[in-house]
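Novice: From the sequence below, what's the structure:
(chains A, B, C, D, E, F, G, H, I and J)
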10 protein chains.
Amino acid sequence: MLYCVHMDVRVPPDTDPALFDRLKTEEKAQSQALQRSGKWRHLWRVAGRYANISVFDVASHDELHAILSGLPLFPFMDITVTPLSQHPSAIHQE
Amino acid sequence: MLYCVHMDVRVPPDTDPALFDRLKTEEKAQSQALQRSGKWRHLWRVAGRYANISVFDVASHDELHAILSGLPLFPFMDITVTPLSQHPSAIHQE
Amino acid sequence: MLYCVHMDVRVPPDTDPALFDRLKTEEKAQSQALQRSGKWRHLWRVAGRYANISVFDVASHDELHAILSGLPLFPFMDITVTPLSQHPSAIHQE
Amino acid sequence: MLYCVHMDVRVPPDTDPALFDRLKTEEKAQSQALQRSGKWRHLWRVAGRYANISVFDVASHDELHAILSGLPLFPFMDITVTPLSQHPSAIHQE
Amino acid sequence: MLYCVHMDVRVPPDTDPALFDRLKTEEKAQSQALQRSGKWRHLWRVAGRYANISVFDVASHDELHAILSGLPLFPFMDITVTPLSQHPSAIHQE
Amino acid sequence: MLYCVHMDVRVPPDTDPALFDRLKTEEKAQSQALQRSGKWRHLWRVAGRYANISVFDVASHDELHAILSGLPLFPFMDITVTPLSQHPSAIHQE
Amino acid sequence: MLYCVHMDVRVPPDTDPALFDRLKTEEKAQSQALQRSGKWRHLWRVAGRYANISVFDVASHDELHAILSGLPLFPFMDITVTPLSQHPSAIHQE
Amino acid sequence: MLYCVHMDVRVPPDTDPALFDRLKTEEKAQSQALQRSGKWRHLWRVAGRYANISVFDVASHDELHAILSGLPLFPFMDITVTPLSQHPSAIHQE
Amino acid sequence: MLYCVHMDVRVPPDTDPALFDRLKTEEKAQSQALQRSGKWRHLWRVAGRYANISVFDVASHDELHAILSGLPLFPFMDITVTPLSQHPSAIHQE
Amino acid sequence: MLYCVHMDVRVPPDTDPALFDRLKTEEKAQSQALQRSGKWRHLWRVAGRYANISVFDVASHDELHAILSGLPLFPFMDITVTPLSQHPSAIHQE
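Specialist: Numbering: from 1, shown residues only, chains lettered A, B, ... in the order given. You can find the predicted model right below:
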């Protein structure tokens, strides 16, 4: 099942850069593993913002929550989830 | 270049159903032609709403505007456009 | 899978009362059939508003969308969908 | 009487993790006691967010406020309360 | 139990004045009967707006909803309900 | 003259508890003196929030501002003021 | 006592122009009489909008409401009222 | 002096197309005359919306208001005006 | 030219009181000098809030920005600027 | 391709002034280099706010994001991006 997920990253200016860099490295590894598994199907940067628009393909709300709340940058993110269904005019079954 | 486009369709309850059905049929044809051309790359229904989240792949802002403003249901839509760029953690180049 | 659905009904004051009464009767029948099937698990009135907060238990986003968009009052509703997952402190598995 | 309560937990990134873990443990114990008593009737996680949607069944606004303001995580929560009444189409009396 | 209720009246400019005057007369009668019964405890006009802030004292959410949804001007109102509890610094028990 | 005042108290989680307790004690004393004087006519807790809805009866905007800005918790409050006038359907002159 | 009043005029495009012109003429006369009386102390156009920002000097909330709700264009206006008090740095007593 | 002006055009779906086409033709002529005069310095379409972002260079707020309120489509527009001043890092004096 | 300026002062509770008092003293002096010069024409306190509504009369957007950004409390302020033009019903030319 | 970019700078009052001054100097240099290259085509100060409205002319969303996220003050900015297309009434091709 597909979910559109919008993640806005908000980093207080006084965050320790070394800590944050470490979290970003871990975030990238985790994100790429999820992309390779097919669960994190699309990942786009919102131009001009520290934010992304993603599409996840997972089996349940529980799996989605486990993935998102397990992201290293989760404490810095404001996340919006939109469940997607098949559009009657879509020519592909995604 | 990619754009995330959110279209919310707002139909006043007193709209003539025959007219609206005709517009929907034209919309579907136009949407499917654009999908086949590769320009309307993704089209998802927002579950529970008369709305969609789409991704377009076009050459310029002008082309995007020409496509969206030419949709038969454009006068009924509230549209938001978000330019997407390559995410540094994405494993695919979309 | 569970979804919290908030439905706000907006009826233009000039709506034909006879038509609207017929739609409400159909809505009630459809809602009660869905409640009996176990898919529309909870249905509460928001006190003081023509609105409800509901919980649906369906197999997929597609099924949810089919149900909601098929409601007779759908054209008059503003709907918000929130996917619910298991809470780690919940003592029941809902 | 029933209340829908939406709790959004906002933890400043520089919160002491040990303190917060202790508060979470206390919160869980208190929440489960209230669930067992029947007063905290439903508790769902909002998928993708550090938030929950709950339904409380208590005797009065005063009792609801005493419960919510007594939660260990109350200082970190943004809470919205919606009083629920019996829906004329509901087949169960909740 | 007390509820603060904010009612905003929105009258489309093309509403039939005779019909609306009749509804206003009925609304006034109903409101005054409820005030005399003690259920509609306070009724204030929001200065400069076609709106009021009221306090109701009723036995349950169901009773509140029955009263508000039965008001002749209910179809023209946007209503917000806030449950009120005893304030620890209040010197009167209201 | 009457004013509806909505006060939302926002306490950063790292506020010194001893300091804040002292401010709350002073706030309570000041609030109760104003209630006894008849100027702070109603004081209700918003159920589930660290917030109150109040009605003040004072001689002027200046007096209202002096009272509110002199509250010990004023620096922690987000305040909204709504001037109230006599409602044509009110049976009491408040 | 002073009030800052923001009036936004919203005219549905299908409003009868002759009727509206008559209302505007009456509005102007009424506004100018109130300005001459000193009660409508300032009247400015918000550049680029069919809106004004005004300052009223009246004896009470009731008088303000009587004036505003008696304006011929009141049914077309969205009005916000802000009570103004003496600023400690102001060199004039307004 | 420069002003950034954002114009959002909102056309009710039941607007008479012939009338609206005439207004659009007049709007275009008026806009182009103002561009040639140097007063309407920039005019861009917001991609995907019936909206524009413009920059005006006029002598006063009064002149700006006269221009905007004189546009044939003014009754259909929601307009926001932002006064622009010289930026200390700008290399050109605009 | 006239501008309506709304200034909302937001002081983090942990601001050093001595520093802030010094800034307020400087702000007052600067504000009063500007009032005496005729540029800061009106200054009103928003009753119940640490905020003011002001009217400035200056020669250009640049002058307005220089004044506002030079205020000692500018870093603590959220400022909104509204350009004002002559209202056709105003009996005075302000 | 053109983008309207709105940048709002938010500096926590406790930011180290020396660090921030250094960032501002770097920001100015970088901004002026981009202006000279023709990519940062317009840069205006929003009067009364620590904010700017800019127009960028770059080859792609990726280039825009690289520029904006590389600005020294990026961590302090809230940025909104609006893609601009050719307006049918514009007399210049920008």
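Novice: And the residue nearest the centre of chain A?
Specialist: A:S54 (5.4 Å; Cα atoms, centre = their mean).
Novice: Shouldn't that one be within a strand?
Specialist: Yes. Counting by DSSP: H, G, I helix; E, B strand; the rest coil, A:S54 is located in a strand.
Novice: Pretty sure A:D78 sits against A:V5.
Specialist: No. Between A:D78 and A:V5 no contact is recorded; they are 11.3 Å apart, counting by Cβ atoms under 8 Å. C-betas here are computed from N, CA, C, even on glycine.
Novice: neighbour-wise, which of the two wins?
Specialist: A:V5 (22 against 12; other Cβ atoms under 10 Å in any protein chain shown).
Novice: residue contacts, the more buried one?
Specialist: Contact analysis of A:V5 by Cβ atoms under 8 Å, 6 or more residues apart in numbering or on different chains lists A:I53, A:S54, A:V55, A:F56, A:L64, A:L68, A:I79, A:T80, A:V81, A:T82, D:G48.
Novice: one more time with 7 Å, if that's ok
Specialist: For A:V5, the residues meeting the contact criterion (Cβ atoms under 7 Å, 6 or more residues apart in numbering or on different chains) are A:S54, A:F56, A:L68, A:I79, A:V81, D:G48.
Novice: May I see those arranged in JSON lines, with distance to H:E27 and pLDDT as well?
Specialist: Conversion of the contacts of A:V5 to JSON lines gives the following (distance: Cβ to Cβ, whole Å; pLDDT from 0 to 100):
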{"residue": "A:S54", "distance to H:E27": "41", "pLDDT": "98"}
{"residue": "A:F56", "distance to H:E27": "45", "pLDDT": "98"}
{"residue": "A:L68", "distance to H:E27": "47", "pLDDT": "98"}
{"residue": "A:I79", "distance to H:E27": "42", "pLDDT": "98"}
{"residue": "A:V81", "distance to H:E27": "41", "pLDDT": "98"}
{"residue": "D:G48", "distance to H:E27": "45", "pLDDT": "98"}
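Novice: Would you reformat these as JSON lines and include distance to C:D14?
Specialist: Shown next, in JSON lines, are the contacts of A:V5 (distance: Cβ to Cβ, whole Å):
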{"residue": "A:S54", "distance to C:D14": "43"}
{"residue": "A:F56", "distance to C:D14": "43"}
{"residue": "A:L68", "distance to C:D14": "45"}
{"residue": "A:I79", "distance to C:D14": "41"}
{"residue": "A:V81", "distance to C:D14": "37"}
{"residue": "D:G48", "distance to C:D14": "41"}
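Novice: Most neighbours among these, which one?
Specialist: Highest neighbour count within the contacts of A:V5, by other Cβ under 10 Å: D:G48, with 26 neighbours.
Novice: give the contact list for it.
Specialist: The contact partners of D:G48, by Cβ under 7 Å, 6+ apart, come to A:V5, A:L64, A:H65, A:L68, A:I79, A:V81.
Novice: Let me know the closest of the residues you listed to chain I.
Specialist: A:I79 (26.0 Å; Cβ to the nearest Cβ).
Novice: Distance from the strand or helix carrying the closest one to the middle of the chain?
Specialist: Assigned by DSSP states H and E, A:I79 belongs to strand A:77-86. With Cα atoms, centre = their mean, to the nearest Å as the basis, strand A:77-86 stands 10 Å off its chain's centre.
Novice: Would you mark the buried spots in it?
Specialist: For strand A:77-86, a neighbour-count test (16 or more other Cβ atoms under 10 Å in any protein chain shown) marks A:M77, A:I79, A:V81, A:T82, A:P83, A:L84, A:S85, A:Q86 as buried.
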